[in-house]
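Peer 1: Compute the structure for the input listed below.
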Amino acid sequence: MKKRLKAIFFYALFWLIFFVTARLFFILTQFREASAFNPGLLSLTFWHGIRLDFSAIGYFMIIPVFIMIPGVYFSGRWFRSFIKWYTYAFLVISAAIVVSDTLLYKYWGFRMDYTPLVYLKTPKAAMASVTTFQMVGITMGVILLSALFIFFYRKFIDRLFEGFERIRFRFPALLFFIVFLGSLLIPIRGGVGIAPINAGTVYFSEEMFLNHTAINVVWNVGSSVFNQKPVNNPYQFGDLTVAKELTSSLTAVKGTPVRLLNNTRPNILMIVLESFGSAFIEPLSGDSLTTPYFNKYSKEGVLFSRFYASGNRTDKAIPAILCGYPAQPTVSIMKEPKKTQSLPGIVKAMNGQGYHSSFWYGGEINFANFNSFVINAGFKEIITMDNFSPEFYNSKWGVHDHILFEALRDSMNNMQEPFLNVVLTLSSHEPFEVPMQAVFSGTDDLTKFRNSIHYTDRSLGTFLDWAITTEWWKNTLVVIVADHCRRNSTEMQEYSEEIYKIPMLWLGGALTEKGITVEKTGSQVDIPLTILHQLGLDDNYPFSKDLLSPASESFAFYTFNEGFSFITDSSKYIYEHKLGDSVVEEGSSPEVAGRYGKAFLQVLYDDYLKR
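Peer 2: Numbering: from 1, shown residues only. Reported below is the predicted structural model:
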């Protein structure tokens with residue numbers, strides 16, 4: 001009996017050492033962020049994070065302790081062999097999570113959850129974001145971390161499970177291990193309180209990096225896998241009826257929109273640019289060198305200067321742009337075909353008006369459930385990398401943007417009008433490998449990103465230079481918008497406005513006004529309703545407003561992992577749900593912005609759950 005208890009004790013200690021090492025490994029690999037904090041602050045992350053460590057250990061201990069219950073009646077080496085291979089398996093899985101998280105955090109700004117596992121359904125597309133060097137680094141890291149702790153286990157722990165003998169007083173021992181198994185619920189739940197432990201339990205600082213460091217990433221992945229589809233709305237800030245009234249007041253149709261089109265049946269060409277942030281657009285106070293074509297055409301159309309992405313990924317942007325449906329903090333409606341088929345959308349509306357609709361993307365259409373979404377959205381024609389010859393597969397993601405635009409150009413010579421074409425670019429996605437000589441010198445990620453943006457801008461500009469010479473241009477509205485931006489520095493928080501502030505530019509011969517700027521604050525979810533009103537049409541978009549109506553409310557709402565931001569012309573309120581409080585309050589009335597933002601998120605998630 002004592003031997004079994006000793007073995008279990010040191011087995012738990014083994015896993016605690018692993019998780020402490022994993023946290024130290026995370027800190028060392030994020031040294032640019034960690035260097036901003038003194039050792040005393042960082043040491044607090046170990047103290048606060050130990051609750052999640054104990055919870056993870058509790059989960060890992062369930063099966064070994066459960067096996068020990070019938071093991072009271074047996075002896076021999078079978079248990080030692082079982083626990084060894086059980087441990088090896090979970091060590092490799094845990095090491096893969098720990099090492100992968102150190103890379104993903106640099107881009108995402110939050111700890112790894114179940115999201116990468118979803119992308120593994122299309123491994124080729126998932127690997128496209130990872131360079132060969134990074135893959136080698138991840139593989140070596142997993143091997144070394146696993147090997148280190150396998151050696152540690154063989155050296156110090158394995159022998160403790162050797163030579164278990166039959167217990168003399170079996171019934172009391174049986175009861176003891178049953179009770180012991182039940183007692184694991186205490187560390188698993190994080191104590192004996194009413195509320196079970198969650199990632200926010202270990203938050204203790206206003207600095208999000210410290211809170212993120214305290215999270216046990218293995219626990220976080222496991223928790224998100226089993227809790228990715230909550231039955232109840234986790235964002236219940238108050239009475240739902242009141243929340244709906246506040247949300248309706250934000251999106252109520254008010255006034256008559258300013259007419260910017262010369263007819264109600266124009267062609268519509270929508271170009272969604274991968275990762276184009278406002279920081280690279282000169283008229284939006286960005287740099288003047290990265291996007292010369294976009295800067296030039298900004299003077300020839302209608303530029304929306306206070307415009308935001310709905311989320312931080314493409315799979316969250318596309319439903320917002322095409323269906324007026326905001327991004328959700330921890331889930332993505334695009335990945336759920338049952339829900340996306342219930343969404344309204346501009347494609348369905350245009351199909352009903354006799355438009356020919358097509359979706360153009362040079363990558364893998366099955367990635368992140370894109371295929372089911374574009375079909376549910378109503379596109380009559382879908383062009384993907386499968387429509388191109390393999391000789392043009394010169395990018396990890398598929399075909400490069402200039403190839404895609406050349407194919408679009410060829411097809412539009414014989415395009416049936418009126419048309420709705422939606423084009424999604426991909427070359428400015430990681431790993432930023434583009435077919436041109438670098439314009440900006442440097443090998444860091446930001447410089448490579450700028451070069452990829454410059455390449456896509458050139459590809460777009462070349463296409464536009466040709467388009468304005470065609471007959472169809474005279475009756476076409478071109479909507480150019482980014483899907484999101486990216487985290488361009490380790491100092492940038494995951495909720496930073498810079499990640500979500502993006503350009504939207506309207507061009508084309510169908511415009512009656514050129515060279516003007518719209519300063520109303522808005523986001524991607526406002527696009528479908530705004531366009532439809534220009535065509536004299538309407539549809540039910542409960543989370544959208546008309547950007548061109550002077551009387552409509554001026555605001556933008558975006559979400560990040562477990563939080564939201566609500567921005568008006570005069571205030572900004574950013575809320576972190578795990579922290580249970582705001583992380584940014586600026587302007588004349590941030591408390592009002594916070595009240596509207598919470599209501600908006602509550603109503604949105606309630607709607608999401610019901611679809």
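
Peer 1: how many other residues sit next to S275?
Peer 2: Number of residues near S275 (other C-beta atoms under 10 Å) recorded here: 25. Every C-beta, even on glycine, is put in place using the N, C-alpha and C of the backbone.

Peer 1: Same check on P196?
Peer 2: Under the neighbour criterion other C-beta under 10 Å, P196 is assigned a count of 13.

Peer 1: which residues touch it?
Peer 2: Applying C-beta atoms under 8 Å, 6 or more residues apart in numbering, we find P196 in contact with R189, G190.

Peer 1: I'd like to know how far it sits from V231.
Peer 2: With distances taken as C-beta to C-beta, to the nearest Å, P196 is found 15 Å from V231.

Peer 1: Repeat that for T45.
Peer 2: 32 Å.

Peer 1: more neighbours, the two?
Peer 2: Neighbour totals were compared for T45 and V231, and T45 leads with 25 against 7 (other C-beta under 10 Å).

Peer 1: three-state assignment of that one?
Peer 2: At T45, secondary structure determined by DSSP: H, G, I helix; E, B strand; the rest coil is helix.

Peer 1: Does it touch I215 like I think?
Peer 2: No - between T45 and I215 there is no contact, the gap being 9.0 Å when judged by C-beta atoms under 8 Å.

Peer 1: Now for the chain, the helix or strand with the poorest mean pLDDT.
Peer 2: Sorting the helices and strands of the chain by mean pLDDT, DSSP states H and E puts helix 31-34 at the bottom, at a mean of 70.

Peer 1: and the gap between Y541 and Y325?
Peer 2: 8 Å.

Peer 1: nearest residue to S146 other than its sequence neighbours?
Peer 2: A95 (4.4 Å; C-beta to C-beta, 6 or more residues apart in numbering).

Peer 1: What of T102?
Peer 2: Sequence neighbours aside, T29 is the residue nearest to T102 in space, at 4.1 Å (criterion: C-beta to C-beta, 6+ apart).

Peer 1: again, but for I186
Peer 2: In space, and not counting its chain neighbours, I186 is closest to V192: 6.2 Å by C-beta to C-beta, 6+ apart.

Peer 1: Could I get the pLDDT score of the one you found?
Peer 2: pLDDT, the model's per-residue confidence, is 83 for V192.

Peer 1: Next up, phi/psi of P326, please.
Peer 2: With angles defined as degrees, to the nearest 10, P326 sits at phi -70, psi 150.

Peer 1: cool, and L424?
Peer 2: phi -120, psi 120.

Peer 1: What is the neighbour count of it?
Peer 2: Neighbours of L424 under the rule other C-beta under 10 Å: 23.

Peer 1: So what's the residue count around the residue nearest to I186?
Peer 2: For V192, the count of nearby residues is 7 (other C-beta under 10 Å).

Peer 1: give me the element it is part of.
Peer 2: For V192, there is no enclosing helix or strand under DSSP states H and E.

Peer 1: What's the separation between it and S183?
Peer 2: Taken as C-beta to C-beta, the spacing of V192 relative to S183 amounts to 11 Å.

Peer 1: got any ranges where the stretch 151-300 of the chain has weak pLDDT?
Peer 2: Applying pLDDT under 70 to the predicted model, the residue ranges of the stretch 151-300 of the chain that meet it are 164-168, 194, 228.

Peer 1: contacting residues for the closest residue to Y153 other than its chain neighbours?
Peer 2: Of all residues beyond its chain neighbours, the one nearest Y153 is T87 (5.8 Å), with distances taken as C-beta to C-beta, 6+ apart. Counting by C-beta under 8 Å, 6+ apart, T87 touches Y11, F14, Y153, I157.
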